[in-house]
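Colleague: sequence isn't available, so here's the structure alone:
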């Protein structure tokens, strides 16, 4: 099944440059793939995976290992951002 992976800020460095368009990547994943499995597949450091949304809805850290993705989902991930 296909999903869209969107990585923001410094996390865009983890996307394959030859397959991504800007900060997005169309991704083919197996049925029953969990959010945490996509994070692991791209070797995203835990300390940089701060805000995770699936279709605009927040997925808390304790649910990322159990949240199943479905075809057409948009998985968006942001690192911690400082500012003021």
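Modeller: Thanks, I have the structure now. Just so it is clear, the structure is predicted and the values come from calculations on it, not from any experiment. Numbers count the residues shown, from 1 in each chain.

Colleague: surely residue 65 touches residue 38?
Modeller: No. At 11.4 Å, residue 65 does not count as touching residue 38 under the criterion of Cβ atoms under 8 Å. The C-beta positions use only the backbone N, C-alpha and C, and glycine is treated the same way.

Colleague: which of the two has more neighbours?
Modeller: residue 38 (20 against 12; other Cβ atoms under 10 Å).

Colleague: which helix or which strand is home to the more buried one?
Modeller: Following DSSP states H and E, one finds residue 38 within helix 35-41.

Colleague: could you point out the helix or strand that follows that helix?
Modeller: strand 51-54.

Colleague: give me the sheet partners of the following helix or strand past that next one and which way each runs.
Modeller: Helices and strands here follow DSSP H and E; after strand 51-54, the next one along the chain is strand 57-58. Sheet pairing for strand 57-58, assigned by DSSP bridges, gives strand 51-54 (antiparallel).

Colleague: can you give me how far the strand it pairs with is from the chain middle?
Modeller: 7 Å (Cα atoms, centre = their mean, to the nearest Å).

Colleague: what residues are up against the closest residue to residue 78 other than its chain neighbours?
Modeller: Excluding the flanking residues, the one nearest residue 78 by Cβ to Cβ, 6 or more residues apart in numbering is residue 51, at 4.1 Å. Residue 51 is in contact with 58, 77, 78, counting by Cβ atoms under 8 Å, 6 or more residues apart in numbering.

Colleague: next, count neighbours for the second one.
Modeller: By the criterion of other Cβ under 10 Å, residue 77 has 24 neighbours.
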